[in-house]
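Q: next one to model:
(one chain, ligands or ions: 1)
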Amino acid sequence: MISRRNALIAGGAGVVAVGAAGVYQAGHDKAEPPAPPSLDAQGHLLWRNWSGVQHAYPASRAAPASEAELAALMAKAQAPIRAVGAGHSFTGLVPTDGTLVSLDRLTGIAGWEGDEARVWTGTRLGALGPALAEHGRAMANLPDINKQSLGGAMGTGTHGAGKTLRAIHGDATALRLVTAAGKVIEADAQRNAEIFNAARVSMGSLGVISQARLRTTANRRLHRRVWAEDFEAACDQAEGRWAQHRNFEFYAIPFTGMAANISHDETDAPAIARGPDTDTGILEILRKIRNLLGFSTPLRKALGHALISTAKPEEAIDEGWKLLSTERPVRFNEMEYHLPVETQIPALKEVVAAIEAHRPDVFFPIEVRRIAADDAWLSPFQGAPRGSVAIHAYYKDDYAFLFTLIEPILRRHGGRPHWGKLHSLKAAELSALYPNWKDFLEVRRELDPEGRMLNPYMKALFGV
Ligand SMILES: Cc1cc2nc3c(=O)[nH]c(=O)nc-3n(C[C@H](O)[C@H](O)[C@H](O)COP(=O)(O)OP(=O)(O)OC[C@H]3O[C@@H](n4cnc5c(N)ncnc54)[C@H](O)[C@@H]3O)c2cc1C
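A: Okay, here's the model as predicted:
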């Protein structure tokens, strides 16, 4: 399917794009470099995030092998003390010139209480799937990728797609928090309830969470379907599909007039193998069309529409933990806001129109999801379900437009930012979005009066 599309691009677009396109392309078609380096130009070891926009030179790095070791470390570690999972956040949550604490040696299932699993928070979501499946259980939902640690995913309110499915922290029923003073606190809805409400989504600002107790579901097979559709039709149908499917999301594809829908539903039908990854090939095609026809939106739209509308639907059947997450080999920077459900589609349409009017360099699809409510104080889904809109910029491209062009639209529609993805909000704006903002700050101050858990980015975030 992809090679046929590549041929179409080479043939169709090539003819119309000679000359003018060559000039447009020159600025974009650089060779793909390897992952951002772990050593700087002077040979010094640095820490950096997945996309390469955040980096730091921690004075020390620690990976305690037990909760007792973690507690002892916290009491004497050089501030700022910052926990790190997989480094997949885009915002400045992790960088520190003090102590970087990795939970990479605190992994796996520590025990069971009924169907709830006590999990070490250094566990990567990709490792948790098979570990739970051994017991016939699964996480109810997963994000787009499964490289994140449980602690990092909870820390930023990481979520998947599904109207009735909560973000990952929404399935945590208890946790163990190791404070900056090295005290271990067990918290749930009854014991230390205020700490439980504050800590579930806390970006490592109250201490380090060593374990969380998670609700699990039966490990069912899911039927995954992917199909293309006109963008306007996808917007019209979305509400019904969120109601109809266990998991549903769609991607609006700017400059094509098209969208890609993805649904997952429980089934007992026999497995159908998932085909090879086509996302990466499609992204590469969209990038090529941008490079060739970015100078002419009508030509670009005509070709993009023709190619995406002929894409063959895909399907697969397998256990949920094998299907819900995919690979993201093409790096990007990202902004995602969580909107009141009634403003989600109007905001999306404005975002697509703004990109098509002002940003011919953008080629990444825009992800549109629905997430169920929970009651963690700093959860973007606190109090009501939310509809998310996520905009990506290829990591080699300028992403400043996310702040200047996109963020004002998402804010005007009442959005709350994803804590791990690019946004410009600080304490003044955030306090207006979260009814328990002051309660959170009070619990934070009590647990860490000297602010040892805060780096400069987080001080600005919390107005400390
Ligand atoms: C390719 C890609 C795809 C993504 N897909 C999605 C998606 O589908 N849905 C979504 O919602 N997000 C998504 N994200 C965002 C990502 O899930 C979040 O940024 C998440 O926090 C990353 O987890 P991590 O383990 O890398 O955490 P890190 O980025 O390392 O840390 C995140 C925060 O958690 C804190 N933290 C980490 N461990 C602990 C702990 N044990 N105790 C206390 N605090 C801790 C850190 O201090 C930091 O503040 C994606 C990101 C990328 C790069």
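Q: pLDDT score assigned to the nearest residue to Arg359 once chain neighbours are set aside?
A: Leaving aside its sequence neighbours, Arg359 sits nearest to Phe401 (Cβ to Cβ, 6 or more residues apart in numbering; 5.4 Å). Where C-beta positions appear, they are placed from N, C-alpha and C, glycine not excepted. In the predicted model, Phe401 carries a pLDDT score of 98.
Q: over to Gly11?
A: 39.
Q: what sits against the nearest residue to Arg328 once chain neighbours are set aside?
A: Nearest residue to Arg328 in three dimensions, chain neighbours excluded: Ile145, at 5.4 Å (Cβ to Cβ, 6+ apart). Going by Cβ atoms under 8 Å, 6 or more residues apart in numbering, Ile145 touches 88, 325-328.
Q: show me where the stretch 1-150 of the chain has strands.
A: Using DSSP state E, counting those that start in this stretch, the strands of the stretch 1-150 of the chain run over 47-48, 55-56, 60-62, 81-84, 99-102, 109-113, 116-120, 137-138.
Q: most tightly packed of those?
A: Highest mean neighbour count of the strands of the stretch 1-150 of the chain: strand 81-84, a mean of 26 (counted as mean count of other Cβ atoms under 10 Å).
Q: quick one: that one near the ligand?
A: Yes - on the criterion Cβ under 6 Å from any ligand atom, strand 81-84 is in touch with the ligand at 82-84.
Q: any chance of these in TSV with pLDDT as columns?
A: Shown next, in TSV, are the residues of strand 81-84 next to the ligand (pLDDT from 0 to 100):
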residue	pLDDT
Arg82	98
Ala83	98
Val84	98
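Q: check the stretch 201-350 of the chain for the residue nearest the ligand and tell me.
A: As assessed by Cβ to the nearest ligand atom, the ligand sits closest to Gly204 within the stretch 201-350 of the chain, at 2.7 Å.
Q: re earlier: show the contacting residues for the residue nearest to Arg359.
A: Counting by Cβ under 8 Å, 6+ apart, Phe401 makes contact with 358-359, 362, 393.
Q: now do Arg386
A: Contact analysis of Arg386 by Cβ under 8 Å, 6+ apart lists 338-341, 344, 370-371, 373, 380, 416.
Q: could you turn the buried ones of the contacts of Phe401 into a PyMOL selection?
A: A single PyMOL command is used to select the members of those judged buried by 16 or more other Cβ atoms under 10 Å:
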select buried, resi 359+362+393
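Q: go through the contacts of Phe401 and flag which are in strands.
A: Ala393 (DSSP state E).
Q: now the closest residue to Leu378 other than its chain neighbours: which helix or strand?
A: Spatial nearest neighbour of Leu378, excluding adjacent residues (Cβ to Cβ, 6+ apart): Val201 at 4.5 Å. Val201 is part of no helix or strand, with elements assigned from DSSP states H and E.
Q: any idea how far Ser210 is from Val201?
A: Counting by Cβ to Cβ, to the nearest Å, the gap from Val201 to Ser210 is 17 Å.
Q: sorry, back to before: show me which of the contacts of Ile145 are buried.
A: 88, 325, 328.
Q: what would these look like in CSV with pLDDT?
A: Below are the buried ones among the contacts of Ile145 laid out as CSV (pLDDT from 0 to 100):
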residue, pLDDT
His88, 97
Ser325, 95
Arg328, 88
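Q: wait, what's in contact with the residue nearest to the spatial centre of the chain?
A: The centroid of the chain falls nearest to Thr158 when counting by Cα atoms, centre = their mean (5.8 Å). Each residue near Thr158 by Cβ under 8 Å, 6+ apart is listed here: 143, 148, 152, 167-169, 420.
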